[in-house]
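# need a 3D model of the sequence below.
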Amino acid sequence: MTTVPSYLAGYEDLYAEDPRQAALTWFRDAKYGLFLHYGLYSLLGRHEWVQFREKIPVAEYEKLKEDFTAENFDADYIADFALECGMKYVNITTRHHDSFCLFETQQTDFNSVNSPCGRDLVGELAEACAARGLGLCLYYSHGRDWRHPHAPNNDEWGGSARPDYDPPEPSYAYGDDHDLSIYLDFMRAQIEELLTGYGPLAAIWLDGIAVPLSGDPSAFRCQELGRSLRVPLPGALRLHPRHAAAGAGILQAGIAGHGGLCRAGAQGSRLGWQAGRDLHHDDAEVMGLPGGGGGQALERRASLGEGARGGPSELQSVAEHGPAAGWFD
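Residues are numbered from 1 along each chain as shown. Next up, the predicted model:
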């Protein structure tokens, strides 16, 4: 008997016929979810791009790991909050552009388990979401990394590939010493860890598309990655955000316009969560986005602490459009 993911309750018959279509239909119907940005940058409270914007050297930024306790990160509380607000899924930054991971990984010691936190935060949230029938979406910075020595450099790539360090960042590999394939292998191994360790997933959200778009996209081996995603994710969506403000593209799918953008304060402040329980137009920005899906994006400003800024994102569903989108199929 086929086991249907808890978040697809009510879609059992469609799931039995076509898991992918069941997921797409669920996502169109869901319309509303929580997008949680959380990581080392939360300790500073000046946006998740603080390393890039303030050109903080890698060695200095890495020191934040020793202060990362996540003492108030309560996955059950987060999931209950999402349900109380009428949300249908939660998306969390498993690894943002700073390369710090909120999950247990064998690829790097730059992660929450190897910090004073000592916990797999993604795993905790996965359990909380599954117990409540919430879809779990995992954000991962695929195209952009500001720490890995062999991630794209500014000399060959745009899209804010690296902070504009002067003098150059000494931990990066340059010239003939730089090998993008080393980073791609690292990235793919981490994505496989996420796909196989925290399922069933509602979606994998791959960010940083502006970097491969700035050069030769084939160098990122996206089609190869896309084929590998089909095996562990038979019914999950594969999404790539395109920020409206950057004008990077037009929506490719009618499931766009979802999600709530929510940035966490230091150590996962619960005070901010409490302030976010009453969601009205006077304290949240609710807007419809183009694309035919009728979904809404909600931006909670400063809902988990100070320094929250940002705008809605548009989604491209490669899962729905396949080769026409050209990235992961």
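
# so where is the protein shaky, pLDDT-wise?
For the chain, residues meeting the criterion pLDDT under 70 lie at 1, 230-235, 238-329.

# repeat that with 80
Along the chain, the model assigns pLDDT under 80 to residues 1-2, 223, 226-329.

# okay, now G118: neighbour count?
11 (other CB atoms under 10 Å). Backbone N, C-alpha and C define where each C-beta goes, glycine included.

# which one is it nearest to, not counting chain neighbours?
Spatially, and ignoring its direct neighbours in sequence, G118 is nearest to S112 (7.7 Å; CB to CB, 6 or more residues apart in numbering).

# so who does G86 touch?
Y32 (CB atoms under 8 Å, 6 or more residues apart in numbering).

# try the one 3 residues further on
By CB under 8 Å, 6+ apart, the contact set of Y89 is Y7, A30, G33, L34, A82, C129, L134, G135, L136, C137, A202, A203.

# dump the residues you listed to CSV, plus distance to N153, neighbour count and secondary structure.
Listed next are these as CSV, based on distance: CB to CB, whole Å; neighbours: other CB atoms under 10 Å; DSSP: H, G, I helix; E, B strand; the rest coil:
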residue, distance to N153, neighbour count, secondary structure
Y7, 39, 25, helix
A30, 38, 19, helix
G33, 34, 27, strand
L34, 34, 26, strand
A82, 38, 24, helix
C129, 37, 26, helix
L134, 38, 25, coil
G135, 36, 27, strand
L136, 33, 26, strand
C137, 30, 26, strand
A202, 34, 29, coil
A203, 30, 25, strand
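
# what's the most distant pair in these?
Farthest apart among those by CB to CB are A82 and A203. That separation is 15.1 Å.

# in this structure, which spans are strands?
Secondary structure of the chain (DSSP state E): strands at 33-37, 89-95, 135-141, 203-207, 237-243, 260-263, 285-288, 296-299, 313-317.

# how close does the residue nearest to G118 get to A128?
16 Å (CB to CB, to the nearest Å).

# which of those two has more residues huddled nearby?
The residue with more neighbours, out of S112 and A128, is S112; 27 against 20, by other CB under 10 Å.

# doesn't T94 make contact with that one?
No - counting by CB atoms under 8 Å, S112 sits too far from T94 to count as a contact (10.0 Å).

# shared neighbours of those two, anything?
Joint contacts of S112 and T94 (CB under 8 Å, 6+ apart) are C101, L102, F103.

# the closest residue in space to the first one that isn't next to it in sequence: what's it in contact with?
What it means is C101. Leaving aside its chain neighbours, C101 sits nearest to N111 (3.9 Å; criterion: CB to CB, 6+ apart). Applying CB under 8 Å, 6+ apart, we find N111 in contact with F100, C101, L102, F103, E104, T105.
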